[in-house]
Structure formats: C-alpha cells, structure tokens
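J.: Take a look and give me a structure for this.
(one chain, ligands or ions: 3)
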Amino acid sequence: MDKFAEIVFDIPVDSKFTYSIPDYLQNDVKPGVRVLCPFGNRYLTGFVINLQNSPEVKNVKSIKSIVDTSPSLSPEIVSFSKWIADYYASPLGEVIAMFVPKKISIKSEMTYALAEDYTEKVNTVDSSNNLIFDIIGLIQKSGNKRLTRKQIEKKLKGKTGAVLDFMVEKGILTRDRTYSDTTRELYVKYIKAGFTRNSVEEVIQLNKIKTPRQVELLEMLSREETIELSRLKNFKIPYSTVSSLYKKQLIEIIDVKKERKPEQGFEEEKKIVILNEEQQNCLDKISGSIAKKEFKTYLIHGITGSGKTEIYIRMLKEVLKKGRTGIVLVPEISLTPQLIRRFRNHFESKVGVIHSKLSEGERLDAYLSIREGKYKVIIGPRSALFAPLENIGMIIVDEEHESSYKQENSPRYNARDMAIVRGMMNDAPVVLGSATPSVESYYNAVTGKYELLKLTKRATEAALPFVKIINPLEKYESDGFRKNEIIDKSRQKFLSKELLYAIDDRLERKESIILLQNRRGYHSYIECMNCNHVEMCDKCSLSLTYHKQIHMLKCHICGFTKPMVTHCGECGSTLLVDSGAGTEKIEEELIGYFPNARIERMDSDTMVSKYKYQKVLNDFHKGNIDILVGTQIISKGLDFPNVTLVGVVNADIGLLIPDFRATERTFQLLTQVSGRSGRSEKPGEVIIQTKHREYKLYDMIASHDYEGFFKTELKAREQGSYPPFTRFSIIEIKSKSKDDCLKESREIYRMLTVLESSHGLLLTPPVPPLISKIKDYYRYHIIIRTTKKSDPAGKKMLSAIRGVKSKLQKSHSVRVSIDIDALNLI
Ligand code: ADP
Ligand code: ZN
Ligand code: ZN
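T.: Ligands and ions are numbered 1, 2, ... in the order given. Now for the predicted structure:
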C-alpha cells in the first residue's frame, strides 16, 4: 500500500518533497491531485507527482488535506511538465503551476482577533507601547472581525509582527490560520414567473394587482422565460416591485452560473471563401496527419495576406470532427481581434480565449470550462499552451517568429518549441505559420525536420506593395543644405519630404496610413553639450526618455520616472540637447503638417486599458482615423483594406544593437509592417527611411526576398557559430554588489571550463551585457554554446549546466538564473 507521496510546490526550489499520507486520505491522494501540506511555518498547496511505499528521507510530515476530489492534472500534463522542467532546468513545481490558475491555489494566512477577556489582559502588560492600542482600536472599528497581518499593517502603515506576537503571548489577541478564498464561480440572479405563463391576466385579477409596475413586470414574465435581475433597471422597475411580487409568491428568484467572458469587440462579417490552389494544397497535406493522428511539424511560410487564418480554421474543423481539440497560439491577444473574431464566427461558443489581462475570475471560469469539455479550441498567448485540454489533435503557432513566445522569467520556456513537444506527446500535428519565419524554424524546414508549405500569393487579388527605401539625409543634400545644417535639420524634422507628399496624397484620396517609429516617448535621450553627460536612470544603466505628455523622464526598463530636468546633472549647464525621436514627437510633427487629419498614436503608453486597443483598431477599421502612428505593435496581423501607405520613420532602430538576431528582427519587423499596405484592390506603397541605404538587408526587404535574406543570414550564423548551428544559452549572474557579481561569475566560469572539453562546450567568459545594471542589480552573462552536430538534443549542455548549478553555494547576495535557448541578449 502506498503510504507516501512525492510533492512539488510552486516555489523557486528545484526539488520534490516527501509527505506521508494519513489513513483517511489513502484513497484520495493520487498523482495529479492537489494537497495542502505544512511547509516551514505555513501551509502550501502542492501537487502530488508520485506515490511511494517507503520514503527516501526520514521524519516526514504528513499531508493535511486534499484540495481536489478529482486530479487537476492529467498524466499527460504531468509528463509534459517534467519534460519542460528538465529541458529548461527549472523547478517542476513552477512549471506545473502554469497549468492551474493561480487563485485556485490556496495559501494560508495568519489572522488576529481580540481575545474574549482582552481588557483584563491589557491591564497586566506594560502599556507604554501605543501600537497595542492602535491594533485593538483597529480590530474594534472593523466590527471585531478577524484581520490578517497584512490588513493591519496596511492600515497602521508599519511593521507589526513583533507586537502582534507579543499580544498573542499575553493573551490579548487570538491567532488563527485562515485559508484565503479561492476565486469563486460567479452566480447571477434571475427571476422567472411563479405561475403558468399564459395565465397572466387571471393572476393579475385574482391577486388584485393594481400598481402599474407590478403589472408590467408580470406581463414581461409571461413573455420571457427568465430575466436577469440586474437588467430590470433598464426598464425602470425598482427592486421593491420584485420583492412585493416575491412575497406574494408570484415570482421565483433563481441563481444561474454565469461565465465571465471578456468582450471581444471587433466586428467583421463572416466571409465565405473558396480556398485557392496553394491554400488547398496546404490543407490537404496537413489533413493527412490529422486523419492519421500523426505527430508531424509543418511550417507554413505564407506571405502577408496569403490567407493563413482561413487554413487554420479549416484544419481545426477537421480536428473537431475527429472528436479532438486544438490550441492556437498567437503572440498577443489584444493585437489579434480579427483572428479571434474569425474563429468565433466559425466555432462560436466552442472557442475559449485566454489572455494575460483576464481577471482571476475570468481565468477560473475559462479553466473550468476547458475541464468540463465546453471549449474545444483554445486561443491565447504562450500561456494557452498550458490549457488543460484533453485529446489534443492539433497545435497551431501563428507568427511563430515572435519573441513573445519566450517567457523571460522562470520557467524560461519557449512556447513555440514546447508546442512541438506537446504535439508529440498527443500524436498531433503541429503547425507553425509566419510570413517571416525565424531562421531556426526555416532551417529545420529546409533540412527536412519540418515539412515546408508555401503560400506565395496574396489570397485576395492584391499584389504585395511597392517598397521604396530612402535616405532622408540625402534628400536634404539634394535640396542644397550643407552638412552641419543637415544635422541640425535632421534633429528637428524626422519626416522626409517624400514621405510627407505621400501622406498628403493619401489624405486627399481618403485612404489610410500607418507610420512606424519603433520607440516610444518624445525623444530618446538628453545630452549636455558642455560635458556630454547623458541623463541616466538612477537604478539602471540606461538613458532616460522624455515623455512630453506627462512632462517626465522615464526609464524604459524599470519604469523609474522623474521630472524633466533643466540643468545638467553633472555640471549644471543648461545647454541640454535632445536626440532622436519617439512616437510622441512624430505625432507632434504630423499634427503640425496636417492639422486637419485624424491622427492616433498607438504604443504601450497610450494603450493602457484592454479596451483601448480594440477601440482604436475598430475606429481605424471604420475609417474614423486617418493616420495611425505607433511602435511595433502596429505591425502585427492587422488586416485593414483601406491602408495604402506604410511609412517607417527610422528603420535603423534596433539594427545596431549587439545581438546576433538584430538583422533578423529588423527584416521581420519591416516585412510585417510593409504587409499592412495594399491589402485590397487599391495598390499599396511603403516608404522606409534609413541612414544606411547601403545595407543589402534593405534591398531584400524591398524585393520581398525572404529566401535571399535567409541565405545571407544563415552564412553569418554559421561563421559566428550561432543558432541554428549551435544551442545558445546564457547564465545570468546578478547582484547589488558589483564585486560579488564578478566574483561569482568568475567562479561559475571556472567550474564550466573544467567541463569544457568533455562536454564540447563553447564558452564566452563573463561580461556585462549592454544594459549592465537593472534595478540596482549588476549583471554578468556567461554564454554557453554546443554545436548541434556534437550535441543534437542539447543533453551535454544541460548536463554541464546542471552539474554547475548543483554545486552553487546558496547565496543571499547573488542570484543566478539559467536561460536555455536564450532570445534576449541585452
Ligand atoms: P494572413 O494571416 O496570411 O496574413 P489572412 O488570413 O488575414 O492572411 O487573409 C487575408 C485576407 O484574405 C482576409 O481578408 C481573408 O478573409 C482573405 N482570404 C483568405 N483566403 C481567401 C480566399 N481563398 N479567397 C478570397 N479571400 C481570402
Ligand atoms: Zn531604470
Ligand atoms: Zn553637463
């Protein structure tokens, strides 16, 4: 008989814990069930992973209770979690926790109440401490309710731990644990007729109902089966009407479970389309795998507007016909309202949408609906990969090249790569789609690891837009400016004449315009002309950006803000010059030129609420906005037929940073944003401004030459020993003390060099990354690579990293994190 259970917790500790199972829980504790266990001086919810006959450790504690009656984790989820935890060298508990909504976990908390005889007890203590009376007063004021320590400290604005302990010891307070509420399902009150509905006239007469409101309500109830109580105010029927009819037993009040569904307010007609040949070919190929329940990875390389979404929908219909389910991953939900609308049009209530802005209640509802089998298709960002669907028949990763699939805190998984693993575990095909596939995926496709499917034409009659690359400085030269004047001019004006003429032309023709400037704020940094000092964040090694709307300087890493400066922080000079332009400045410049145009800015500063994106996108779609200016968020999958001009103000942003993927990202961003132009019968144009017209990259963007880009880039990757030829991981060492940071980095590096030849590692000694300090933490990076040839599954690299990790001393001052297949190098 199993007497012990191995349990993991959602804590950053990479180990399993053994607990004994009390007799009365023997039948209930099974793998996948959540249990409440004593942990240190509190109780934590944990997940049962295994059962054991004899424990490997002595003196085990015992499980207190179970949280679920049926396992919340299927065996598939447990093995998938183990895979992820293994591959990313992450704690299993943290990985498993991603499958269950946070709020559903229970954490215990201390609460305090006044003892019955507290007045007597107070008299016995030395009462010089005012805090004692403040606490007593506070509890009395709250109606003698139990208060948590957090509540008390918030009200009294200070630490109370020691005093509370003292008061408990002296018998003034009683202490108890309560378990914080899990988010509850939402119930809504409805009313319904308490009489046969066609007898309403009789009922009114018999009961001598005279008040017009009561008559009205009874008549309403004879027509409608049920009415939501809160809707009555729309008909000006007060609650007193309800209560008097209720007392006469003429109406019933019932509770109906309501699902909190976030509104997706994007309207689009359901179109009936006939697939073109390329689309049909794509569908036929993948249908084969769906029918055979075969795991296989496909990469659809389809140019912008080639109709990928349509194929996704048809594939999923076949999956559902087979009685299986599907997951669709998208980079960001708020930016894909059209895709969601199209899925809703086809699958209606079978689609569940998950995203990071859901409230805890909404998340719980979605989770329960998936478990109950109501949703057959789940759409969402990377976290949707952890939907507890059963019998998964397909996973789609749209815009697979997007870096948002990578989670940048622990567990640092990449959902695109893990989608392939989950597909494999479910015998299900996995479909990656993009107009600009990542170099890694395309390489896998051309080498036969994935099957490559191409869509080379736009689905509608439209052609790809005409792309023009211009150097705004050259323009000025031809206009007769001298060099230093050029620099002055270029500082103040960012839109070239050519771009302005094109905008003017579209405004006249009532066509829409998208302008990309991939940097938010007003200008990018402030420099002192006297001493060259640049205003920096106090906590990060990053220059501050001026935000005109709030008249503040802001750090784009940690969010630190301070008032705009008038004097140099170093020498006090007032000769401050601002450089570069962000979206705010471009917007201002546009308003100056086109005061009558309707201009809207879209970046993470303006898009503060979850509805704002949708409103702006809707307005733009309807033609209520002429020019949309924004950061990269405007480059994502928008399909607006009326856009005929896309302008890129400064294409070089992002190109010159020290990251081997900078070229790839620039190609992707500019190709994607160009793809927003000319999607219907009106031809599209793109104007890209760069100061580096000589770069080959821009020619390839102009000629929509993905293959050309891929070939050139692949060569560079091979020469530099970068992915896809190597696995590329980073060990990050952080500390508030620069010395400790460096010391630990050198020690880890030393340990790695011992394994260098046996494990075939390519090591780069510790160096600070571009942003060498974030939020007061100094940073060092050690880059570890192994070649794909010598280490195809990455096992050698992992074993080296694990080996070093297990030898690390626990340190409070230094933090070490591991980023397998790192995407973020700065
Ligand atoms: P992608 O996701 O590849 O950029 P979309 O799926 O958004 O492209 O499709 C672009 C447009 O073409 C949409 O308006 C879509 O309704 C339309 N479309 C897709 N397939 C067809 C087709 N076979 N015939 C006509 N229009 C189509
Ligand atoms: Zn900062
Ligand atoms: Zn100065």
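J.: where in the chain is pLDDT low?
T.: For the chain, the stretches flagged by pLDDT under 70 are 1-2, 69-70, 102-109, 127-128, 177-186, 257-270, 475-492, 608-611, 637.
J.: What is the neighbour count of residue 391?
T.: If you count neighbours by other C-beta atoms under 10 Å, residue 391 ends up with 16. The way it works is simple: take the backbone N, C-alpha and C, and place the C-beta from them, glycine included.
J.: so who does the residue of the stretch 351-500 of the chain found nearest ligand 2 touch?
T.: The minimum distance from the stretch 351-500 of the chain to ligand 2, using C-beta to the ion, falls at residue 408 (16.2 Å). Applying C-beta atoms under 8 Å, 6 or more residues apart in numbering to residue 408 gives the contacts residue 824.
J.: give me the element it is part of.
T.: Using DSSP states H and E, residue 408 sits within no helix or strand.
J.: Let the chain start at 27 from now.
T.: Shifting the count to begin at 27 puts that one at residue 434.
J.: Can you tell me how far it is from residue 685?
T.: Distance of residue 434 to residue 685, computed by C-beta to C-beta, to the nearest Å: 14 Å.
J.: My read is that residue 461 contacts residue 328, right?
T.: Yes: Residue 461 lies in contact with residue 328 (C-beta atoms under 8 Å); the separation is 6.3 Å.
J.: And for the nearest residue to residue 275 once chain neighbours are set aside, the neighbour number?
T.: Nearest residue to residue 275, sequence neighbours excluded (C-beta to C-beta, 6 or more residues apart in numbering): residue 220, at 5.6 Å. Burial of residue 220 is recorded as 16 neighbouring residues (other C-beta under 10 Å).
J.: In this structure residue 220 contacts residue 277, no?
T.: Yes: counting by C-beta under 8 Å, residue 277 is a contact partner of residue 220 at 5.1 Å.
J.: what about the helices in the stretch 427-576 of the chain?
T.: Assigned by DSSP state H, counting those that start in this stretch, the helices in the stretch 427-576 of the chain fall at 441-451, 465-472, 498-504, 509-518, 523-534.
J.: quick one, which of these is nearest to residue 749?
T.: Among the helices of the stretch 427-576 of the chain, helix 465-472 comes nearest to residue 749, with 5.6 Å by C-beta to C-beta.
J.: and the closest residue to ligand 1 within the stretch 77-226 of the chain, what is it in contact with?
T.: Proximity of the stretch 77-226 of the chain to ligand 1 (C-beta to the nearest ligand atom) peaks at residue 124, 27.7 Å away. Going by C-beta under 8 Å, 6+ apart, residue 124 touches 409, 412, 437.
J.: From residue 699, how far out is it?
T.: Relative to residue 699, residue 124 is positioned 32 Å away (criterion: C-beta to C-beta).
J.: Residue 396 now?
T.: Taking C-beta to C-beta, one finds residue 396 at 35 Å from residue 699.
J.: so how many other residues sit close to the residue nearest to residue 404 when sequence neighbours are not counted?
T.: Among residues not flanking residue 404 along the chain, residue 413 sits closest, at 4.3 Å (C-beta to C-beta, 6+ apart). For residue 413, the neighbour count with other C-beta under 10 Å is 22.
J.: Now that residue 413 has come up, it's in contact with residue 353, right?
T.: Yes: at 6.0 Å, residue 413 counts as touching residue 353 under the criterion of C-beta under 8 Å.
J.: what's the overlap in contacts for the two?
T.: residue 404.
J.: picking up where we left off before, list the contacts for the residue nearest to residue 404?
T.: 353, 378, 380, 396, 404, 406.
J.: any idea which helix or strand carries residue 422?
T.: strand 418-424.
J.: Contacts for that strand, please.
T.: Applying C-beta under 8 Å, 6+ apart, the contact partners of strand 418-424 are 316, 319, 334-335, 338, 341-342, 345-346, 348, 350-357, 362, 365, 411, 431, 441-442, 445, 448-449, 452, 454-460, 663.
J.: for the stretch 527-676 of the chain, what spans make up the strands?
T.: Here the stretch 527-676 of the chain has its strands, by DSSP state E, counting those that start in this stretch, at 538-542, 551-554, 571-573, 578-580, 587-589, 602-605, 625-628, 653-656, 669-674.
J.: Make JSON lines from those strands and add mean neighbour count and distance to ligand 1 to it.
T.: Formatted as JSON lines, these follow (neighbours: other C-beta atoms under 10 Å; distance: least, C-beta to the nearest ligand atom, whole Å):
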{"stretch": "strand 538-542", "mean neighbour count": "25", "distance to ligand 1": "15"}
{"stretch": "strand 551-554", "mean neighbour count": "20", "distance to ligand 1": "36"}
{"stretch": "strand 571-573", "mean neighbour count": "22", "distance to ligand 1": "32"}
{"stretch": "strand 578-580", "mean neighbour count": "20", "distance to ligand 1": "34"}
{"stretch": "strand 587-589", "mean neighbour count": "12", "distance to ligand 1": "38"}
{"stretch": "strand 602-605", "mean neighbour count": "14", "distance to ligand 1": "36"}
{"stretch": "strand 625-628", "mean neighbour count": "21", "distance to ligand 1": "19"}
{"stretch": "strand 653-656", "mean neighbour count": "25", "distance to ligand 1": "18"}
{"stretch": "strand 669-674", "mean neighbour count": "26", "distance to ligand 1": "13"}
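J.: Indicate which one of the ones you listed is closest to residue 772.
T.: Proximity to residue 772, assessed across these by C-beta to C-beta, is greatest for strand 551-554 (32.7 Å).
J.: Quick one: check that closest one for contact with ligand 3.
T.: Yes: Strand 551-554 is in contact with ligand 3 by C-beta under 5 Å from the ion, via residue 554.
J.: roughly how far out does that strand sit from the chain middle?
T.: How far strand 551-554 lies from its chain's middle: 33 Å, per C-alpha atoms, centre = their mean, to the nearest Å.
J.: How about stretch 541-549?
T.: Taking C-alpha atoms, centre = their mean, one finds stretch 541-549 lying 22 Å from the centre of the chain it belongs to.
J.: List the buried residues of it.
T.: Neighbour-count burial for stretch 541-549, counted by 16 or more other C-beta atoms under 10 Å, picks out 541, 542, 543, 544, 545, 546, 547, 548, 549.
J.: Can you verify my assumption that the last one contacts residue 608?
T.: Yes: under the criterion of C-beta under 8 Å, residue 549 lies in contact with residue 608, with a separation of 6.2 Å.
J.: on that earlier part again, nearest to ligand 3 among the contacts of residue 413?
T.: residue 406 (48.8 Å).
J.: For residue 739, I want the exact helix or strand it lies within.
T.: Going by DSSP H and E, residue 739 is in helix 732-745.
J.: Which strands or helices does that helix pack on?
T.: Where contact means 3 or more C-beta pairs under 8 Å, 6 or more residues apart in numbering; DSSP states H and E, helix 732-745 is packed against helix 465-472, helix 688-700, helix 722-728.
J.: need those helices in JSON lines with mean neighbour count and distance to ligand 3, can you?
T.: Converted to JSON lines, the helices and strands packed on helix 732-745 look like this (neighbours: other C-beta atoms under 10 Å; distance: least, C-beta to the ion, whole Å):
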{"stretch": "helix 465-472", "mean neighbour count": "21", "distance to ligand 3": "43"}
{"stretch": "helix 688-700", "mean neighbour count": "23", "distance to ligand 3": "31"}
{"stretch": "helix 722-728", "mean neighbour count": "19", "distance to ligand 3": "37"}
